[in-house]
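Q: here are the coordinates; sequence isn't available:
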């Protein structure tokens, strides 16, 4: 750009140059004003942003128990109680180990002594033990499972008190016993009776005939009292109660027969000939058949208890019972030749095998 000074400019050009410079000054001043105005405006905008910033998010972390909510404005607390019933079932498993016969050993853990001479010992299902002490002690002694003596039952009875005609006070000779299935009662056989009206002891040979009948005693295991006396054959030895507790089968050693006793009537209802010296008795689980060994021979008798018929009552005038006889014409079948002198006999639980 060329600059003109007053000295250089001629008089005609001077006013034109001044006008030009004036415009330049005005433009410069206007530009400065515009820049100042824009700066002022932008300053106010920045100040506005600085003074009124956008709110920043705030996070507060507190350590509280689960399921607890706190509100700063208002707080409502609700307490709820819940009762939970928990049922626990405990299962007990019992494992039974069967030891092979070859590995089994018996060990004596205790012994019972005292004024006893047991011919037999039997256990009841309610945890009692009965020892029959024959004519050597004239007692039955009763023990619990620990061998503690619970009772000594003497065999002296007054037969008249039990309804025996012309009965007298006598003594027995407890030889064998058999309990009912629930253990409530125990039936005891007496080898012989001693006292007025009874002859001498027959002995095992039964050499002579005409021996006196003997009696069973029933013992109540709650009181240890003899509450029944039942007449049977001569020299009763072994006896068995049927599983249904209805019948008692008694082997009469010297009368060569068996007595079948009805427990409901407490009396003998049948007498069945067996042969020389009947001994062991086993009854099937359904109480229908009794097996009886003939120790004086080699056979086993099969007697049907199911064939025993209850008495048919014959009524007279006024409804009086004049005849109530049992029908027990029992036929005996035989297992022959089982071996010489079979003594004891037992059945397997399923009644399929007979051991003698």
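A: In hand now; what should we look at? Because the structure is a prediction, the values reported are computed rather than measured.

Q: wait, doesn't residue 298 sit right on residue 335?
A: No - judged on CB atoms under 8 Å, residue 298 makes no contact with residue 335 at a distance of 9.8 Å. Bear in mind the C-beta positions are built from the backbone N, C-alpha and C, glycine included.

Q: show me the strands in the stretch 101-250 of the chain, by range?
A: 120-123, 129-132, 139-143, 149-154, 157-158, 169-170, 174-179, 185-190, 215-220, 225-231, 236-241, 247-252 (DSSP state E, counting those that start in this stretch).

Q: packing partners of the last one?
A: What that stands for is strand 247-252. Judged by 3 or more CB pairs under 8 Å, 6 or more residues apart in numbering; DSSP states H and E, strand 247-252 is in contact with strand 236-241, strand 257-262, strand 278-283, strand 289-294.

Q: next, the angle strand 247-252 makes with the first one.
A: The one in question is strand 236-241. Angle of strand 236-241 versus strand 247-252, following axes from the mean of the first three to the mean of the last three CA atoms, to 10 degrees, is 160 degrees.

Q: would you mark the buried spots in strand 236-241?
A: Of all the residues in strand 236-241, those buried under the rule 16 or more other CB atoms under 10 Å are 236, 237, 238, 239, 240, 241.

Q: could I get these in JSON lines, plus columns for distance to residue 285?
A: Output for those, formatted as JSON lines (distance: CB to CB, whole Å):
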{"residue": "236", "distance to residue 285": "24"}
{"residue": "237", "distance to residue 285": "23"}
{"residue": "238", "distance to residue 285": "19"}
{"residue": "239", "distance to residue 285": "18"}
{"residue": "240", "distance to residue 285": "12"}
{"residue": "241", "distance to residue 285": "13"}
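
Q: got TSV for the helices and strands packed on strand 247-252, with distance to residue 154 too?
A: TSV is the format used below for these (distance: least, CB to CB, whole Å):
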stretch	distance to residue 154
strand 236-241	19
strand 257-262	23
strand 278-283	27
strand 289-294	31
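
Q: save those strands as a markdown table, and put in mean pLDDT and distance to residue 116 too.
A: Output for these, formatted as a markdown table (pLDDT from 0 to 100; distance: least, CB to CB, whole Å):
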| stretch | mean pLDDT | distance to residue 116 |
| --- | --- | --- |
| strand 236-241 | 98 | 19 |
| strand 257-262 | 98 | 27 |
| strand 278-283 | 98 | 24 |
| strand 289-294 | 98 | 28 |
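
Q: closest to residue 347 out of those?
A: Proximity to residue 347, assessed across these by CB to CB, is greatest for strand 278-283 (4.8 Å).

Q: report the strands that pair with that closest one, each with its relative direction.
A: strand 289-294 (antiparallel) (DSSP bridges).

Q: what are the contacting residues of the partner strand?
A: For strand 289-294, contacts defined as CB atoms under 8 Å, 6 or more residues apart in numbering pick out 240, 242, 247, 249, 251, 258, 274-284, 300-306, 335, 342-345, 347, 354, 356.

Q: I'd say residue 267 and residue 230 touch.
A: Yes - contact between residue 267 and residue 230 holds when scored by CB under 8 Å: they sit 6.2 Å apart.

Q: who's more crowded, those two?
A: More crowded of residue 267 and residue 230, by other CB atoms under 10 Å: residue 230, with 23 against 15.

Q: could you find the closest non-adjacent residue to that one?
A: Spatial nearest neighbour of residue 230, excluding adjacent residues (CB to CB, 6 or more residues apart in numbering): residue 216 at 4.4 Å.

Q: bridging across strands, which residues link to that neighbour?
A: Beta-bridge partners of residue 216, counted by DSSP bridges, are residue 189, residue 230.
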